[in-house]
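**Student:** Here you go, sequence then predicted model.
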Amino acid sequence: MLPGVSAIADAVTTGSFRAGWAIVRWLPERTAYTLFEAAADLTHARGGKGVERLRSNYARVRPDLDPVALDELVRDGLRSYLRYWCDAFRLPNLTPEQILERARCEGDGPVRAELAAGRPVLAFLGHMGNWDMAGAWGTVDLGPVVTVAERLKPEEVYAEFLAFRESLGMRILPLTGGGNVMALLREALREPIVLPLLADRDLTRGGIPVTLLGHDASVAAGPAALAVASGATLFPVSIHYETAPDLPSGWRTVIRFLDPVPDPRSGTTRDRVTAMSQGCADALSAAILEHLVDWHMMQRVFTDDLEPRGTKVSA
């Protein structure tokens, strides 16, 4: 890349995100969501790398669909994905009362019991629905939320996302460049917090091999490893949208805590982590199948789709 081109591209990217937060949050709510749905349909019509990866992932999960039905699923998946971004741009302007109107939770009784007893809770999340809305709801109605964010490039965009999520009341730890993140998380788990981690994709050597949606894949070891190390209860969590005629956007976020995955407490640490990770993958697979349009997996996730090791994988 020519000198200065990278800096210009970074500036354009940062400016785009800042414009989104500055402009979209002030549009009338119904107008904003209508515009983002139109943008999703345009993205669907144009296609491209991310769209085709979403199509490929959906096709693996639903091989029974004919081309027309699969195309409709991809379109609806992109609408859900762009809805996430509209939510994200507008979230900083919402009051706690408005957050509670726009999100609801199922299965949170056992989680509240753990927190009330002074114990922390771990959550295994997939790329479903809107995890930022879920985190904002958690800080308002459940308890302190601590999580991890991957550093984005350019650094200014990462800083914007960090400030955004912290403005919602979450404590964010950097995945890299901020010290030993696992040690920091273990320290945080000494308090009654909710610690959600996106975990349905991990292509590093530390990923745990599982069966996800009937196919070989790797998930992040973090949630299960922290559960084994700390004794905290591990809950798979699904997030999806439901229609909401009472809201201007027409949609509400639903956070569902699924049954906790027990620690087998036998075998090696790796055996225990693998067993718990597979339990989370099983629970999440069922949830994804139920709400497939809200699974925004626009990257390679299944082992059969990966390039040979040593080849760069970016889609």
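**Tutor:** Cool, got the structure.
**Student:** drop to CA atoms for contacts and neighbour counts, all remaining ones
**Tutor:** OK.
**Student:** wait, what's in contact with the residue nearest the centre of the chain?
**Tutor:** In the chain, the centroid-proximal residue (CA atoms, centre = their mean) is residue 127; its distance is 3.7 Å. By CA atoms under 8 Å, 6 or more residues apart in numbering, the contact list for residue 127 reads 198, 200, 295-297.
**Student:** Using PDB, write down the CA coordinates of the longest strand anywhere in the chain.
**Tutor:** What stands out as the longest strand in the chain, according to DSSP state E, is strand 233-243. In PDB, the C-alpha atoms belonging to strand 233-243 read as follows (Å, rounded to 0.1, in the frame of the first residue of the first chain):
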ATOM      1  CA  THR A 233     -22.000 -21.100  36.600                       C
ATOM      2  CA  LEU A 234     -21.900 -21.100  32.800                       C
ATOM      3  CA  PHE A 235     -25.100 -20.200  30.800                       C
ATOM      4  CA  PRO A 236     -25.400 -20.400  27.000                       C
ATOM      5  CA  VAL A 237     -27.300 -17.300  25.900                       C
ATOM      6  CA  SER A 238     -29.200 -16.700  22.700                       C
ATOM      7  CA  ILE A 239     -30.300 -13.300  21.500                       C
ATOM      8  CA  HIS A 240     -32.900 -12.700  18.800                       C
ATOM      9  CA  TYR A 241     -35.400 -10.200  17.500                       C
ATOM     10  CA  GLU A 242     -39.200 -10.400  17.900                       C
ATOM     11  CA  THR A 243     -41.800  -8.200  16.200                       C
END
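**Student:** where does stretch 286-305 sit relative to the chain's centre, distance-wise?
**Tutor:** Stretch 286-305 sits 12 Å away from the centroid of its parent chain (CA atoms, centre = their mean, to the nearest Å).
**Student:** what's next to it, contact-wise?
**Tutor:** By CA under 8 Å, 6+ apart, the residues outside stretch 286-305 that reach it are 50-51, 53-54, 57-58, 61, 73-74, 76-78, 80-81, 126-129, 201-203, 213, 215-218, 238-241, 306, 313-315.
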